[in-house]
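J.: Build me a model:
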Amino acid sequence: MRILRWMLIFVPLAVVAEFLLHNDMLIFATSAIALVPLAALLGEATEELALHTGPKIGGLLNATLGNAAELIITIVALSAGKIELVKASLTGSIIGNLLLIVGFSLLLGGIKHGKQRFDRNLTGMSASLMTLAVIGLIIPTLFEIFKEISTPGREVDVFYTQVDDPQLNIISLVVAGVLITVYVLSVIYMFFGNGTETVSHTGVDLDETESHGQAKWSVGMALGVLTVATLAIVGMSEFLVGVVEPVAKSLGVRELFLGVIFIPIVGNVAEHLVGVQAALKNNMDLSMTISLSSSMQIALFVAPLLVFISLFFSTQMTLFFSLFEVMVLGLCVIIAAFISIDGESNWLEGAMLLAVYIIVGVGFYFIGG
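T.: Residues are numbered from 1 along each chain as shown. Okay, the predicted model is just below:
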């Protein structure tokens with residue numbers, strides 16, 4: 001969209017705010033806004049590469065790079081030692097996709113078109129994979145909590161998850177490896193094993209697109225844009241992460257709230273808009289694919305991958321999330337599955353998901369502080 005191109009002006013504005021103005025709130029606002037068009041540009045470059053490589057390889061590119069902006073932001077936060085912020089961002093991404101984006105899609109699409117239908121097989125498999133991911137987070141979390149409870153004299157803090165426990169580190173690495181393996185198997189099944197059309201992470205029908213030769217950029221240009229956008233996202237992420245703590249204090253909120261509610265939206269706005277627009281066009285298969293595949297990629301690929309990436313930094317990230325985060329994730333997966341399992345949707349179901357998102361947001365605003 002043209003407005004996203006105009007928003008690129010916030011990239012140099014963020015640089016000015018960082019190096020000349022030194023205003024935390026201004027740095028936070030400009031870098032956050034700048035990440036929106038950069039993430040969209042990164043996604044567009046990935047799609048253009050996918051059109052040149054064919055449906056199968058293109059599908060794999062999208063399955064791997066679909067949440068590249070989110071991954072870059074969290075790696076930058078991880079390198080800064082903000083592990084709690086990283087976990088909150090991952091939680092917020094999944095919750096935002098399942099509740100906020102699917103909710104808006106069902107609400108607006110239902111108001112315009114009435115009852116809408118989509119592929120039940122898609123939502124059924126997504127629900128199963130998301131349930132597996134939640135189990136993968138619950139096991140390390142419950143292990144560490146029970147261990148703290150059973151250790152005499154050890155204080156139990158269900159909100160502080162940055163603990164030094166060699167056993168927890170091993171469990172997290174094993175679970176992360178299993179989740180990534182399942183994600184790879186799901187990608188192989190979706191793109192090679194089910195005999196259906198190949199749909200990219202952002203919902204583009206790669207088979208159809210390739211047959212019509214609709215690529216607008218050359219391979220060189222796509223790679224160039226991909227490189228520049230990636231470097232710019234790294235820079236804006238460093239600006240954003242560097243001022244999260246003072247901004248949270250000045251706003252009177254916890255970093256957890258910013259991580260769950262605000263930061264995930266920044267990295268996925270462009271993709272979310274595509275999902276809602278698809279619902280308004282009565283293409284619910286496309287809309288649900290965008291939201292559900294993004295959630296699966298975060299839970300089964302990005303989060304476990306960060307566990308292994310953290311080995312290169314001073315502190316290892318584990319899959320020990322706060323009990324509140326894990327419970328909320330589980331409940332979100334359950335309600336999203338119940339609403340979508342019949343293959344039909346209406347505006348009331350969308351309103352219900354948005355209501356749950358508001359309740360969750362209020363909970364994260366007050367929890368732990």
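J.: where does the stretch 51-200 of the chain have low pLDDT?
T.: Counting by pLDDT under 70, the stretch 51-200 of the chain contains low-confidence residues at 53-66, 153-159, 192-200.
J.: Show me where it has its strands.
T.: With DSSP state E, counting those that start in this stretch as the criterion, the stretch 51-200 of the chain has strands at 116-117.
J.: got it, and the stretch 201-350 of the chain?
T.: Going by DSSP E, counting those that start in this stretch, the stretch 201-350 of the chain shows strands at 344-345.
J.: Show me where it dips below the pLDDT cut-off.
T.: Ranges of the stretch 201-350 of the chain meeting pLDDT under 70: 201-215, 270-271.
J.: As a check, name the ranges of all helices in it.
T.: 206-212, 219-242, 244-251, 255-257, 263-280, 284-297, 303-309, 323-340, 347-366 (DSSP state H, counting those that start in this stretch).
J.: mind checking how far Leu185 is from Ser31?
T.: From Leu185 over to Ser31 the distance is 37 Å, taken as Cβ to Cβ, to the nearest Å. No exception for glycine: its C-beta is placed from N, CA and C like everyone else's.
J.: try Gly267
T.: Taking Cβ to Cβ, one finds Gly267 at 12 Å from Ser31.
J.: Next: Gly114.
T.: According to Cβ to Cβ, Gly114 stands 41 Å off from Ser31.
J.: Which one's more surrounded, the two?
T.: Neighbours per residue (other Cβ atoms under 10 Å) separate Gly114 from Ser31, with Ser31 holding more: 27 against 10.
J.: Run a quick neighbour tally on the residue nearest to Leu223 when sequence neighbours are not counted.
T.: Counting by Cβ to Cβ, 6 or more residues apart in numbering, Leu223 lies nearest to Leu49, which is 7.2 Å off, once chain neighbours are set aside. Using other Cβ under 10 Å as the criterion, Leu49 is surrounded by 21 other residues.
J.: List the residues that contact the residue nearest in space to the middle of the chain.
T.: Using Cα atoms, centre = their mean, the residue of the chain that lies closest to the mean C-alpha position is Ser93, 3.7 Å off. Shown in contact with Ser93 (Cβ atoms under 8 Å, 6 or more residues apart in numbering): Asn67, Glu70, Pro264, Gly267, Asn268, Ser294, Ser295, Ile298, Val302.
J.: one more time with 10 Å, if that's ok
T.: 67, 70, 73-74, 259-260, 263-265, 267-268, 294-295, 297-299, 302-303 (Cβ atoms under 10 Å, 6 or more residues apart in numbering).
J.: Tell me the buried residues in stretch 323-332?
T.: Leu323, Phe324, Glu325, Val326, Val328, Leu329, Gly330, Cys332 (16 or more other Cβ atoms under 10 Å).
J.: With stretch 223-243 instead?
T.: Applying 16+ other Cβ under 10 Å to stretch 223-243 flags 225-226, 229-230, 232-233, 235-243 as buried.
J.: List just the nearest of the residues you listed to Val274.
T.: Ala229 (17.0 Å; Cβ to Cβ).
J.: Among the helices of the stretch 201-350 of the chain, which comes closest to Leu41?
T.: Across the helices of the stretch 201-350 of the chain, closest to Leu41 is helix 219-242 (Cβ to Cβ), at 4.5 Å.
J.: Quick one: work out the angle between that closest one and helix 263-280.
T.: 130 degrees (axes from the mean of the first three to the mean of the last three Cα atoms, to 10 degrees).
J.: export helix 219-242 as PDB, just CAs?
T.: Taking Å, rounded to 0.1, in the frame of the first residue of the first chain, the C-alpha atoms of helix 219-242 are listed here in PDB:
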ATOM      1  CA  VAL A 219      16.000 -11.400  -8.500                       C
ATOM      2  CA  GLY A 220      18.800  -8.900  -7.900                       C
ATOM      3  CA  MET A 221      16.400  -6.100  -6.900                       C
ATOM      4  CA  ALA A 222      14.500  -8.500  -4.600                       C
ATOM      5  CA  LEU A 223      17.700  -9.600  -2.900                       C
ATOM      6  CA  GLY A 224      18.900  -6.000  -2.600                       C
ATOM      7  CA  VAL A 225      15.600  -4.800  -1.000                       C
ATOM      8  CA  LEU A 226      15.700  -7.900   1.300                       C
ATOM      9  CA  THR A 227      19.200  -7.000   2.400                       C
ATOM     10  CA  VAL A 228      18.600  -3.300   2.900                       C
ATOM     11  CA  ALA A 229      15.300  -3.900   4.700                       C
ATOM     12  CA  THR A 230      16.900  -6.400   7.000                       C
ATOM     13  CA  LEU A 231      19.700  -4.100   8.000                       C
ATOM     14  CA  ALA A 232      17.300  -1.200   8.500                       C
ATOM     15  CA  ILE A 233      15.100  -3.400  10.700                       C
ATOM     16  CA  VAL A 234      18.200  -4.400  12.800                       C
ATOM     17  CA  GLY A 235      19.000  -0.700  13.300                       C
ATOM     18  CA  MET A 236      15.400   0.300  14.200                       C
ATOM     19  CA  SER A 237      15.100  -2.700  16.500                       C
ATOM     20  CA  GLU A 238      18.200  -1.600  18.400                       C
ATOM     21  CA  PHE A 239      16.800   1.900  18.800                       C
ATOM     22  CA  LEU A 240      13.400   0.500  20.000                       C
ATOM     23  CA  VAL A 241      14.800  -2.100  22.400                       C
ATOM     24  CA  GLY A 242      17.300   0.400  23.900                       C
END
